[in-house]
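>>> quick one: sequence plus predicted model below, questions after.
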Amino acid sequence: MTGDRRSGPGGPAEPDEQWSLLSPATTVFDFDYTGGRDQLLRLYDKGTRRQWIAKDRLDWSVDIDLDNPLGLPAELNPVAETKWWADMDERRRGEMRHHVEAWRFSQFMHGEQGALICTAKIVQTVPDIDSKFYAATQVIDEARHVEVYSRYLHEKLQLVYPLNRNLKSLLDDVISDSRWDMTYLGMQVLVEGLALAAFGFIRNTATEPLGKAINAYVMQDEARHVTFGRLALRDYYPQLTQAERDEREEFCVDACYRMRDRFLGEEVFERLELPPELTTYVAESEMQKRFRGFLFMRIVPVLKDIGLWGPRITRAFDDMGVLGFADSDLDAEMANDEAAAEALDRERMAHVRAVAGADAAG
Ligand SMILES: [Fe+2]
Ligand SMILES: [Fe+2]
C-alpha cells in the first residue's frame with residue numbers, strides 16, 4: 001500500500017514536502033466517565049506532571065563537531081574494520097559520520113511524527129475514556145520529540161534525510177489500518193520499541209552532551225508510552241480469537257525482519273557514492289545482523305508480556321537470535337530510563353549553579 005501525494009495549501013508540494021494517506025478510523029465516544037482503571041489513571045497523572053519544555057531543559061548553546069557529531073568511540077563504527085574505511089582519508093570519514101548521524105536522527109524525527117499522528121488517532125479510536133486521557137498527554141510528548149529532533153538536525157547537524165522507504169511502508173501499513181489495536185501494536189510496540197533501543201544506544205555511548213541528553217529525555221517519556229501500550233493490549237489480546245492473534249503475530253514477524261534486514265541507511269552510501277559492496281556487507285555480514293539484533297531488546301519482552309507469544313513469533317525471534325531478550329525485566333528498564341534522565345537534570349542544575357556562582361564571584 002502506498003499513500004497518494006497531494007499538493008500543499010500553498011501550491012504544488014515538492015516531492016517529499018508532504019505525504020497524505022487515508023487513515024480509516026471509527027471514532028468512539030465512551031460515556032462511562034467513572035470507569036477508569038487505577039493504573040491507567042496513575043499513568044495519566046504522571047504523564048501530565050512530567051511535561052517539560054525543550055528550550056529550557058536542554059542546553060542548546062553547545063557546539064557540535066560535525067565530523068563526529070555524537071563523539072562516539074571508534075570501535076562502535078560498524079564499518080571501521082573494513083577495507084573501505086581503511087581507504088578513506090580523515091575528511092571522508094568525518095563526512096560519513098556526519099551523514100550517518102543525520103540519517104539516523106532524521107529517521108527518529110520522522111518516526112516521532114508518525115507517533116504524534118498515531119497517538120492523536122488513538123485518542124479518537126480507543127474505546128475507553130481512561131486510555132483517551134492518557135493518550136492526550138502522549139500527543140504533546142510526541143510533538144516535543146519531533147521538535148527536539150528537528151531542532152538538533154536543522155540547527156546543529158544542518159543536514160536532513162527524507163523518510164526511509166522501509167520505515168515509510170511500515171508507517172503506511174499502521175496508519176492505513178482501521179483497527180485501534182493495530183495503531184498501538186505497530187507504533188507503540190514496534191516502531192517506538194525499535195527507536196527506544198536506538199535511543200538507549202546513543203544515551204549510553206555518546207560523549208557529546210546535547211545528543212546524549214535529548215535521547216535520555218525522550219526515553220524518559222517513552223518509558224511511560226511503553227507502559228501505556230502494555231496496559232491497553234494486555235487487557236485486549238486475550239479477548240481475541242486465536243486466528244486474530246495469529247494475524248497480529250504475522251504482522252510483527254514481517255515488520256521485524258523488514259526493519260532488521262532493510263533499514264540500513266543505504267541512502268547515506270548512495271549519497272556519498274560509496275562502493276555498493278559496502279551496502280551488501282552491512283546487509284549480510286553476520287556480525288552486523290547480530291548488532292542490529294540489539295535493536296529488538298525492547299520489543300521482544302513487550303510482545304511476550306502482551307500475549308503475542310505463539311510459535312510464529314518465538315520461531316522468528318529464535319532465528320534472529322533475539323529470543324534471549326524475552327525475559328528482561330521491563331519495569332527495571334523503565335525505572336532505569338527515568339533515573340538516567342533525572343541524573344542528567346541534576347548534572348545540568350549543578351552546572352548552572354556553578355556558572356552562576358562564578359559569575360557572581362567575578
Ligand atoms: Fe516519541
Ligand atoms: Fe512515544
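That came in fine, so what should we check first? Ligands and ions are numbered 1, 2, ... in the order given.

>>> so the residue of the chain found nearest ligand 2 is in which element?
Across the chain, the shortest distance to ligand 2 (CB to the ion) belongs to H225, at 3.7 Å. (C-beta placed from N, C-alpha, C; glycine too.) Element membership for H225, per DSSP states H and E: helix 209-236.

>>> the helix or strand immediately after that helix in the chain - contacts with which helices or strands?
For helix 209-236, the succeeding helix or strand toward the C-terminus, using DSSP H and E, is helix 242-262. With contacts taken as 3 or more CB pairs under 8 Å, 6 or more residues apart in numbering; DSSP states H and E, helix 242-262 sits against helix 165-175, helix 180-183, helix 286-293, helix 311-320.

>>> okay, those, which one's buried deepest?
helix 180-183 (a mean of 21; mean count of other CB atoms under 10 Å).

>>> that one close to ligand 2?
No: judged by CB under 5 Å from the ion, helix 180-183 and ligand 2 are separated, with a smallest distance of 12.3 Å.

>>> tell me which parts of this protein are close to ligand 2?
Counting by CB under 5 Å from the ion, the chain sits next to ligand 2 at 115, 192, 222, 225.

>>> what's the closest of the residues you listed to I313?
E192 (18.0 Å; CB to CB).

>>> from the residues of the chain next to ligand 2, list the ones also adjacent to ligand 1.
Within the residues of the chain next to ligand 2, those near ligand 1 by CB under 5 Å from the ion are A115.

>>> now do the host helix or strand of I117: which elements does it pack against?
Assigned by DSSP H and E, I117 falls within helix 90-125. For helix 90-125, the elements it packs on are helix 129-151, helix 165-175, helix 180-183, helix 192-205, helix 209-236, helix 266-271, judged by 3+ CB pairs under 8 Å, 6+ apart.

>>> ok, S285 - how many residues close by?
15 (other CB atoms under 10 Å).

>>> next one: it from ligand 1, what distance?
Remark: distance between S285 and ligand 1 (CB to the ion, to the nearest Å) = 30 Å.

>>> worst mean pLDDT among the helices and strands packed on helix 242-262?
The minimum mean pLDDT among these belongs to helix 286-293 (a mean of 80).

>>> confidence score at the spatially most central residue of the chain?
Of all residues in the chain, the one closest to the mean position by CA atoms, centre = their mean is A195, 2.7 Å from it. pLDDT for A195: 91.

>>> list the contacts of the residue lying closest to D221 once chain neighbours are set aside.
Using CB to CB, 6 or more residues apart in numbering and skipping the chain neighbours, the partner closest in space to D221 is D141 (4.4 Å). Contact partners of D141, counting by CB atoms under 8 Å, 6 or more residues apart in numbering, are 47, 51, 221, 224-225.

>>> most neighbours of all these, which one?
H225 leads the contacts of D141 on contacts (other CB under 10 Å) with 27 neighbours.

>>> on that earlier part again, for the helix holding H225, packing partners?
helix 38-49, helix 90-125, helix 129-151, helix 180-183, helix 192-205, helix 299-305, helix 330-361.

>>> where does it sit relative to the chain's centre, distance-wise?
9 Å (CA atoms, centre = their mean, to the nearest Å).

>>> could you count how many residues lie near G229?
Neighbours around G229, by other CB under 10 Å: 24.

>>> ok, now the one 3 residues further on?
Close neighbours of A232, defined as other CB under 10 Å, add up to 25.

>>> and the contacts of stretch 334-342?
200, 203, 216-217, 219-220, 222-223, 226-227.

>>> quick one: which of those residues is nearest ligand 1?
Looking across those and measuring by CB to the ion, the closest to ligand 1 is E222, at 5.6 Å.

>>> which helices and strands does the worst-scoring helix or strand of the chain on mean pLDDT pack with?
Lowest by mean pLDDT, DSSP states H and E among the helices and strands of the chain is helix 286-293, with a mean of 80. In terms of contacts (3+ CB pairs under 8 Å, 6+ apart), helix 286-293 is packed against helix 242-262.

>>> could you check the angle helix 286-293 makes with the helix it packs on?
130 degrees (axes from the mean of the first three to the mean of the last three CA atoms, to 10 degrees).

>>> where in the stretch 201-350 of the chain is pLDDT low?
Within the stretch 201-350 of the chain, not a single segment meets pLDDT under 70.

>>> how about the residues of it near ligand 1?
Counting by CB under 5 Å from the ion, the stretch 201-350 of the chain has no residue next to ligand 1.

>>> so what's the backbone phi/psi at D32?
phi -90, psi 80 (degrees, to the nearest 10).

>>> sorry, back to before: could I get the helices and strands packed on helix 90-125 in CSV, plus columns for distance to R37?
Formatted as CSV, those follow (distance: least, CB to CB, whole Å):
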stretch, distance to R37
helix 129-151, 5
helix 165-175, 25
helix 180-183, 16
helix 192-205, 22
helix 209-236, 7
helix 266-271, 43
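
>>> which non-adjacent residue is nearest the residue of the stretch 101-250 of the chain found nearest ligand 1?
Residue nearest to ligand 1 within the stretch 101-250 of the chain: H145 (3.9 Å; CB to the ion). Leaving aside its chain neighbours, H145 sits nearest to E112 (4.1 Å; criterion: CB to CB, 6+ apart).

>>> number of residues surrounding that neighbour?
By other CB under 10 Å, neighbour count at E112 equals 24.

>>> so how far is A195 from it?
8 Å (CB to CB, to the nearest Å).

>>> how about S176?
20 Å.

>>> ok, now D327?
22 Å.

>>> W85 against R93, yeah?
Yes: counting by CB atoms under 8 Å, R93 is a contact partner of W85 at 7.1 Å.

>>> show me what counts as buried in stretch 240-248.
245-246, 248 (16 or more other CB atoms under 10 Å).
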